[in-house]
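Participant: Need coordinates for the following:
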Amino acid sequence: MLRLVGILVTVLFAIGAAVLTWPSFFRVERHYPVAQIVSFRGLVVLAFAGVLIVALLLAIARPVRGFALSIALIATVAVIVGGVTMVSRGLGTDALPAKTASSIRVMTWNTAGEATSAKTVAQIAVAMDADIVTLPETTINTGEQVALAMRALGHPMWAHHTEYGTDGWDARSTTLLISPKLGDYAVIKSSQDGSSNTSTVPSAVAMPTSGNGPIVVAAHAVAPRLNYMQHWRDDLQWLADQCADKNVILAGDFNATLDHMGALGVDGGTLGRCHDTASETGNGSVGTWAVDMPALLGAPIDHVMASSGWKATGSLVLRSLADSTSDHRPLIVQLEPAG
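Facilitator: Residues are numbered from 1 along each chain as shown. The predicted model follows:
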């Protein structure tokens, strides 16, 4: 009887390990509770490593040796596959490449509303020489203060935004700053009135009205809480649909990691026709949320994505920040026109 129980537990553990290591194969990456667990791939790998150690210790006892070694073998495979996945996406880089005449730098930062001052956002954006700044959970009032502070530092920006209601909750606002060097921009009507937008917290689609700048989408998908799972799935599909043109830059808080985006890519893209720039430049496994966790154990849910007209040449996640109590880390990416 104990032998049968051991076999059953081993089989169930193997299935669980496979699902958490390769969720897209089983098509469960956007279903509760797998979606929540796989957000923290670093923690999952660490947990399997813990199981491996315990199983090896149990293997000392002869009566459970076979069972313990079976569990250890499964845990070993899970650790190796999970670790290789993290390494392939990138464990972090230290600097951006030198900016060229054709470069565009994009910074995205969920500021958590008043948790981050306009002065702090402006100083970091100027230090990063950002041409596009997407700020989920930031009101237009704060965004305009950021733009004014950046102008005072010799780095002028135009401020755009969308908002859902005026209830004072900063998460219902998304602000987008764009350098005048890229031309004039306007947020499209369907973003402003919500007729085509993310479901619960807003995104902003800005189209160039002059110049040859890219379409810019400041993204904010709702978090995958139990009562919002379908809204979250719909938001990710909506964001994927924005990446139909070859000249799109999509940046913001997706509340999703690369593990959640299986089957949402088109023509080789990660999300729609957009490719994830952080994973292409060595930062795809660096967690942008939450800041009170080590970066490699956190969830990389903030992204800068670009369609085929752009190539990423470098990225940076700012891991240590003063003067901010936001629960997100900023992500900065440098892009060059492809070809």
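Participant: can you give me the helices in the stretch 51-200 of the chain?
Facilitator: Remark: helices of the stretch 51-200 of the chain, listed N- to C-terminal, are 65-89, 118-127, 140-152, 189-193; assignment by DSSP state H, counting those that start in this stretch.
Participant: From the contact counts, what lies against the shortest one?
Facilitator: What it means is helix 189-193. On a contact count with 3 or more C-beta pairs under 8 Å, 6 or more residues apart in numbering; DSSP states H and E, helix 189-193 meets strand 204-208. C-beta coordinates here come from the backbone N, C-alpha and C atoms, glycine included.
Participant: following the strand it packs on, which helix or strand comes up?
Facilitator: Note on strand 204-208: by DSSP states H and E, the next helix or strand toward the C-terminus is strand 215-220.
Participant: Between strand 204-208 and that following strand, find me the angle.
Facilitator: Using axes from the mean of the first three to the mean of the last three C-alpha atoms, to 10 degrees, the interaxial angle of strand 215-220 with respect to strand 204-208 works out to 170 degrees.
Participant: Please work out which residues outside the next helix or strand after strand 215-220 touch it.
Facilitator: The element immediately downstream of strand 215-220 (helix or strand, assigned by DSSP H and E) is helix 229-241. The contact list for helix 229-241 (C-beta atoms under 8 Å, 6 or more residues apart in numbering) reads 30-32, 35, 196-200, 203, 217, 219, 221-224, 250, 254-256, 260-261, 264-266, 271-272, 274.
Participant: Produce a ChimeraX select command limited to the buried residues of those residues.
Facilitator: The ChimeraX selection below is limited to those of the contacts of helix 229-241 classed as buried (16 or more other C-beta atoms under 10 Å):
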select :30,35,197,198,199,200,203,217,219,221,222,223,224,250,254,255,256,260,261,264,265,271,272,274
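Participant: Could you list which of the contacts of helix 229-241 belong to strands?
Facilitator: Among the contacts of helix 229-241, DSSP state E puts V217, A219, L250 in strands.
Participant: mind listing what R30 touches?
Facilitator: When contacts are taken as C-beta under 8 Å, 6+ apart, R30 is in contact with P224, M229, W232, R233, L236, H260.
Participant: quick one on the thing from earlier: least reliable of the helices of the stretch 51-200 of the chain by average pLDDT, please.
Facilitator: Ranked by mean pLDDT, the helices of the stretch 51-200 of the chain end with helix 189-193 at the bottom, a mean of 90.
Participant: And it, what's buried?
Facilitator: Judged by neighbour count using 16+ other C-beta under 10 Å, the buried positions of helix 189-193 are S191, Q192.
Participant: Ok, stretch 75-90 next?
Facilitator: Neighbour-count burial for stretch 75-90, counted by 16+ other C-beta under 10 Å, picks out A75, T76, V77, A78, V79, V81, G82, G83, T85, M86, R89, G90.
Participant: how about the closest residue to the first one other than its chain neighbours, what does it touch?
Facilitator: Counting by C-beta to C-beta, 6 or more residues apart in numbering, L52 is the residue found nearest to A75 once chain neighbours are left out, at 3.9 Å. The contact partners of L52, by C-beta under 8 Å, 6+ apart, come to A72, A75, T76, V79.
Participant: ok, now how distant is the first one from L57?
Facilitator: With the distance defined as C-beta to C-beta, to the nearest Å, A72 ends up 10 Å from L57.
Participant: Kindly report the same for the second one.
Facilitator: The span separating A75 from L57 equals 12 Å under the rule C-beta to C-beta.
Participant: same question, the third one
Facilitator: Using C-beta to C-beta, we find T76 at a distance of 14 Å from L57.
Participant: Save the contacts of R30 as JSON lines, and put in pLDDT and distance to P63 too.
Facilitator: Below are the contacts of R30 laid out as JSON lines (pLDDT from 0 to 100; distance: C-beta to C-beta, whole Å):
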{"residue": "P224", "pLDDT": "97", "distance to P63": "42"}
{"residue": "M229", "pLDDT": "98", "distance to P63": "43"}
{"residue": "W232", "pLDDT": "98", "distance to P63": "46"}
{"residue": "R233", "pLDDT": "98", "distance to P63": "46"}
{"residue": "L236", "pLDDT": "98", "distance to P63": "48"}
{"residue": "H260", "pLDDT": "98", "distance to P63": "42"}
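Participant: Show me what the residue lying closest to W310 once chain neighbours are set aside bridges to in the sheet.
Facilitator: Setting aside the residues directly before and after it, W310 is nearest to L335 in space (C-beta to C-beta, 6+ apart), at 4.5 Å. Beta-bridge partners of L335, counted by DSSP bridges, are I104, A312.
Participant: what does V205 give?
Facilitator: When bridges are assigned using DSSP bridges, the partners listed for V205 are V217.
Participant: ok, it - contacts?
Facilitator: Counting by C-beta under 8 Å, 6+ apart, V205 makes contact with V187, I188, S190, S191, I215, V216, V217, Q242.
Participant: redo that, cut-off 6 Å
Facilitator: When contacts are counted by C-beta atoms under 6 Å, 6 or more residues apart in numbering, V205 touches I188, S191, V217.
Participant: Please look at the last one and A251 and confirm they touch.
Facilitator: Read that as V217. No - counting by C-beta atoms under 6 Å, A251 is not a contact partner of V217; they are 7.3 Å apart.
Participant: ok, so of the contacts of V205, who is nearest M150?
Facilitator: Each of the contacts of V205 was scored against M150 by C-beta to C-beta, and V217 proved nearest at 21.0 Å.
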